[in-house]
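Quick one: sequence and predicted model below, then my questions.
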Amino acid sequence: MPPKKQKTHIDWIRWVYRVLRRKRLTSEETPLLEELAIFIEEYGDETPLEKWLGFLYLMIGKDQEAERILSRLARIFPHDIEIQNALAYLLLKRKKTDEAVTRLLDALYSEENHPLLKKNLELLRSENLESWLATHSWSDFVFFTLPREGQAPFWENIGSHPLWRFVVPIVMIGVVFFLFFLIYPSLINLAQRYQQMRFRQMGTMVESYSIQDIEKLVEERQKYSIKLTEEEVGKKFEMLKDLIYEGKRNQAIILINELLNSNASEQVKEHVRIFESFVPKPDPKNIDFNPSCRDVLRTPFLYRDVYVNWVGTVANLFFQQRKETSFDLLINFVDEATVEGIATVKMPGFQSELRNGQKVRMFGRIAGIQIDNKVVILDPEIQHLSK
């Protein structure tokens, strides 16, 4: 009987790929785990295989072996979110929820917007955790990237095909156009920065902008408080009902914020929150009250969720590839370096028509102010104005 052929690195990669893809290990395949462990010991640089071996142990319920391997790798690769998430699941099975939360927070520190990590963290903090564990499997919590299968034979064979000489130029042209499509926003960023640098060297552009009387506005903000008598609360409550009935959305929201931030009783505030659900949807063409930026800076909590229609100049424009466009809106110049206010705006996608120095009209919802006293605008809509 011929000796059994030893698996190579690519053989193990392909085998692990098949098993992880179907998320199940057959009884005939289980003994191969020991062979894979021996292979990894002999070839100490096979870290990816060792990681996948840890996931395979987790898959078949050998939690001690899985935790031993993954814990060692987590010390070497602390930013590997798949390992941290898997360790959180193992800790969760042992009722160590606090430690599991810590693992997920470490992972979110590396990749703060990962949707699966956020979902798992919400699960750990929910009241239905025990019932979830009883009705779900490991695959509903643990995620991983499948290892690539070796496809060298495909490329070796296709290289000799007569059509290859025609395909290669077409593919290369397509790649060039695709890369240009991807990096175009970055090129615009570089052009904008170069233009700003040239303007600064020529003395035609200021380094930064300040907000008029901002120290005075901040001082007024810190002293501001709302003290109402019972009679005043009653009158404002009745006024709120009238504003909602008349469709005056912004004035209704301001009054709601005033009552919620006042000394009114919790019972009154609970009724106010109920009324808040009946506030009409915003209409960009018909704003009943358009507060100034100075009003918002003076008492920002009164204007939370109020929609504004402001005209300003685009500055500090930045494109995050084609995912997001952000900029500051400079509102009403007092002089060349002073403005009445600054709104920070973020829009989804690549807003290719925007440029620094453009005049625009912005309709959006106030979320609050930043520590640098910029007004944060959500759900913005932009209208370009002719110079």
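Looks like it came in fine. Residues are numbered from 1 along each chain as shown.

where exactly do the helices run in the stretch 251-387 of the chain?
Per DSSP state H, counting those that start in this stretch, the stretch 251-387 of the chain carries helices over the ranges 266-276, 293-298.

Redo these as JSON lines? Include mean pLDDT and distance to Arg103.
Every residue, glycine included, has its C-beta placed from N, CA and C. As requested, the helices of the stretch 251-387 of the chain are exported to JSON lines (pLDDT from 0 to 100; distance: least, C-beta to C-beta, whole Å):
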{"stretch": "helix 266-276", "mean pLDDT": "89", "distance to Arg103": "36"}
{"stretch": "helix 293-298", "mean pLDDT": "90", "distance to Arg103": "41"}
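
Any chance of those in CSV with mean neighbour count and distance to Trp15 as columns?
What follows is the helices of the stretch 251-387 of the chain, written out as CSV (neighbours: other C-beta atoms under 10 Å; distance: least, C-beta to C-beta, whole Å):
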stretch, mean neighbour count, distance to Trp15
helix 266-276, 14, 58
helix 293-298, 21, 61
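
Format the ones you listed as CSV; extra columns: distance to Ile13.
Shown next, in CSV, are the helices of the stretch 251-387 of the chain (distance: least, C-beta to C-beta, whole Å):
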stretch, distance to Ile13
helix 266-276, 56
helix 293-298, 58
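
Could you report the neighbour count for Met172?
10 (other C-beta atoms under 10 Å).

Downstream of the helix or strand encompassing it, the next helix or strand is which one?
Taking DSSP states H and E as the definition, Met172 sits inside helix 164-202. The helix or strand immediately downstream of helix 164-202 is strand 210-211, counting by DSSP H and E.

Paired strands for that following strand, with orientation please.
strand 338-348 (parallel) (DSSP bridges).

can you list the residues that contact the partner strand?
Residues outside strand 338-348 that contact it (C-beta atoms under 8 Å, 6 or more residues apart in numbering): 209-212, 292-294, 296-297, 310, 312, 323-334, 362, 364, 370, 373-377, 380, 382.

what pLDDT does the residue lying closest to Ser262 once chain neighbours are set aside get?
Nearest non-adjacent residue to Ser262, counting by C-beta to C-beta, 6 or more residues apart in numbering: Ile226, 4.0 Å away. What the model reports for Ile226 is a pLDDT of 85.

cool, Tyr303 as well?
pLDDT at Tyr303 comes out at 92.

That one against Asn290, yeah?
No. Using C-beta atoms under 8 Å as the test, Tyr303 is too far from Asn290 to be in contact (10.9 Å).

ok but Pro48 is inside a helix, no?
Yes. Under DSSP: H, G, I helix; E, B strand; the rest coil, Pro48 falls within a helix.

The closest residue in space to it that isn't next to it in sequence: neighbouring residues, count only.
Among residues not flanking Pro48 along the chain, Pro147 sits closest, at 6.5 Å (C-beta to C-beta, 6+ apart). Look at Pro147: counted by other C-beta under 10 Å, it has 18 neighbours.
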